[in-house]
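K.L.:
mind folding the following:
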Amino acid sequence: AIAERDPAQREAATALDRLYTDLNRPKDLAWTLTLRRNQEGQSPQGREVSFRLAELLRTVLDDANAALGLYKRILTEDPGHPGARAALEAWVKAAVPMSGAALEVLDKVLAQVGDHARRVALRETRMESALTVEKIILAGEVRRIYERDMQQPSLAFMSAVKAFANDLDREGVRPDLERLARDTGSHEVLAEIYESTAVELTAGDPVALDLLRRAAELRESLDQPEEATRLWKNLLADAPQDRQALEALSRLYEKGQNAKSLSEVYARQAQLSTDPEARLGLLLKAGEAYASAGEDAKAIEVLRSALAIRKVPEGLLALDKLYAKTRHFVEQADVLDQLAELAPDEPERRAYLRRRAQLLEKEVGPTEALPVYRRLLELSPGDGQVVAGLERLLAHDGPRLEAARLLEPVYRGLNDTRKLVDVLEVLL
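P.N.:
Numbering: from 1, shown residues only. A predicted model of the protein is given here:
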C-alpha cells in the first residue's frame, strides 16, 4: 500500500521485492521490479533491476516481447552489460521464435563495439536451425561482415563458397563468388566448387552445364589445358552440339598440337555448321588435322566432302599429296586435272597438266597419258617436255601411231629430218 501511494518509497519497493521473491509470486514481483526500475532511472542500479525484470519476463512469465524491449534498453544505455549480452546470446542459440529478433538487437551492440567475429559466430549458429529464406539472408550478412567490417575478403570468399555448396540461393551467390574470387585470386578454388557442384546435379541439367562451362573457362584462363580439356569434353558428353565447347577444344588441341583430337573436333563442328562456307573451312581444317595425325583415309574422305561444297585449290592440293602418298594414282591424276582448271594463268595450268601426263604415263599407262600430251601440245607446241613425253610413247604399241601423228608437224617445224623420217615410217 505504501509503495502504491508513494512510488518513490525505495525502501517499500525493496521490501516488496524481497517478499515476492521469497513467496515466488512472479507477477507481483514483475510489478515491483517495474516500480523499482522507474525509481532508479538510468543508473547502474536501474539497469540491474531492468535485467532482473527482463529475465523474469523471459524465463517465467513468457513475455518475450517485453523482455526483448528491456534487453534492448539496457544495452542502449550500457553496450557492455554482460548479463544482457549473455541472455540475448543464449536466446539466439536456443533456436526459438524470438531468436532472430534477439540477434538483431545484439548485433547492433556487437557492431558498435567492433566484435565482428562474434557477429559472424552467432549468425552461423542461428543458421543451423533457421528456415531456408533466413539462412540465405544470414549467409549474405556473414559475407558482408567479413568483407566490409573485418576487411577479410578471403574469408568472405570462403563463406560464399560454403553458401554455394549448400545450395543457398546459388544464382544470387554467384556474383559475389565471382567478384571475391577475382579480388582474392581464388579462381582455382572457384573452378573446383563449380565442378563439384555440377557433378552432384543431374546430367544434362542446364545449371550443371553452365557450371561446367564456367569451370572450363576458368581452367583455361589459369593455363591448365589438361583440366580445361577434360571439362570441355565432359560438357560435350552431355551437350554434343555445344559450339563453345567445340571451339574451345579446337583451340586447346591446336595449341597442344593434338592433331587427331583436333581433327575430330573440326569434323563435329562442320556437322553442326549450317553455313556452307564455314562448313567448307572446317572440313578443310579437319582434313589437314587428320593428315597430320596419319589418318590418311579419313583425311581423304573429309577433303572430298569439302570439295563437294566448292572446289578450292587448298583442298585439291591436300588431296594431291594424300593420293600420292597412298598410291591412288588415277584419283591423283583427276585432282591434277581439276587443279589445271582452277589455275590462274597458263604457265601454272600447263604445269599441272604436265604432271598429270607424266603420272599417267608412269603409273597408269601410256595410252591414258596420250590425250593429256595432245592437249599440252595444243597449248604449247614447242614444249620440250611434252615432245619428250610423246617420243617415249612411240615405244608403246597402243599410243605409237597417234604419238607419231602429233610429232610429225613438230619435227617439220624444227626441221629435224632424222626424227621426221622416223615418225613417217611409223605413219606409213
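K.L.:
list the buried residues in stretch 56-64.
P.N.:
56-58, 64 (16 or more other CB atoms under 10 Å). Where C-beta positions appear, they are placed from N, C-alpha and C, glycine not excepted.
K.L.:
let's have those residues in CSV, adding distance to Leu190, secondary structure and pLDDT.
P.N.:
Output for the buried residues of stretch 56-64, formatted as CSV (distance: CB to CB, whole Å; DSSP: H, G, I helix; E, B strand; the rest coil; pLDDT from 0 to 100):
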residue, distance to Leu190, secondary structure, pLDDT
Leu56, 52, helix, 87
Leu57, 48, helix, 88
Arg58, 44, helix, 87
Ala64, 42, helix, 86
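K.L.:
with distance to Ala343 added, can I get the residues you listed in TSV?
P.N.:
TSV is the format used below for the buried residues of stretch 56-64 (distance: CB to CB, whole Å):
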residue	distance to Ala343
Leu56	106
Leu57	102
Arg58	98
Ala64	95
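K.L.:
check contacts around Asn234.
P.N.:
The contact partners of Asn234, taken as CB atoms under 8 Å, 6 or more residues apart in numbering, are Leu212.
K.L.:
repeat that with 10 Å
P.N.:
195, 198-199, 203, 208-209, 212, 215-216, 245 (CB atoms under 10 Å, 6 or more residues apart in numbering).
K.L.:
per-residue confidence at it?
P.N.:
pLDDT for Asn234: 91.
K.L.:
that one and Val189, how far apart?
P.N.:
Asn234 sits 19 Å away from Val189, going by CB to CB, to the nearest Å.
K.L.:
again with Tyr266
P.N.:
From Tyr266 across to Val189, the span is 34 Å (CB to CB).
K.L.:
looking at the two, which is more packed in?
P.N.:
Taking other CB atoms under 10 Å, Tyr266 and Val189 do not tie; Tyr266 has more neighbours (26 against 16).
K.L.:
in contact with that one, which residues?
P.N.:
Contact analysis of Tyr266 by CB under 10 Å, 6+ apart lists 246, 249-250, 253-254, 281-290, 302.
K.L.:
which of these fall in helices?
P.N.:
Counting by DSSP state H, the contacts of Tyr266 place 246, 249-250, 253-254, 281-290, 302 in helices.
K.L.:
ok, Leu379 - how many residues close by?
P.N.:
So Leu379, with other CB under 10 Å, has 14 neighbours.
K.L.:
so it touches Tyr352, yeah?
P.N.:
No. Between Leu379 and Tyr352 there is no contact under CB atoms under 10 Å: 11.4 Å.
K.L.:
okay, and the common contacts of these two?
P.N.:
Residues touching both Leu379 and Tyr352 (CB under 10 Å, 6+ apart): Ala340.
K.L.:
can you tell me which of the contacts of Asn234 are buried?
P.N.:
Those of these that meet the buried threshold are 195, 198, 208-209, 212, 215-216, 245, by 16+ other CB under 10 Å.
K.L.:
export those to TSV and tack on distance to Gln271, pLDDT and secondary structure?
P.N.:
Output for the buried ones among the contacts of Asn234, formatted as TSV (distance: CB to CB, whole Å; pLDDT from 0 to 100; DSSP: H, G, I helix; E, B strand; the rest coil):
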residue	distance to Gln271	pLDDT	secondary structure
Glu195	28	94	helix
Ala198	26	92	helix
Ala208	24	93	helix
Leu209	20	93	helix
Leu212	22	94	helix
Ala215	26	96	helix
Ala216	21	95	helix
Ala245	14	89	helix
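K.L.:
check what contacts stretch 361-375 and list those residues.
P.N.:
Applying CB under 10 Å, 6+ apart, the contact partners of stretch 361-375 are 324, 327-330, 332-333, 336-337, 340, 350, 353-360, 383, 385-390, 392-400, 402-403, 405-407.
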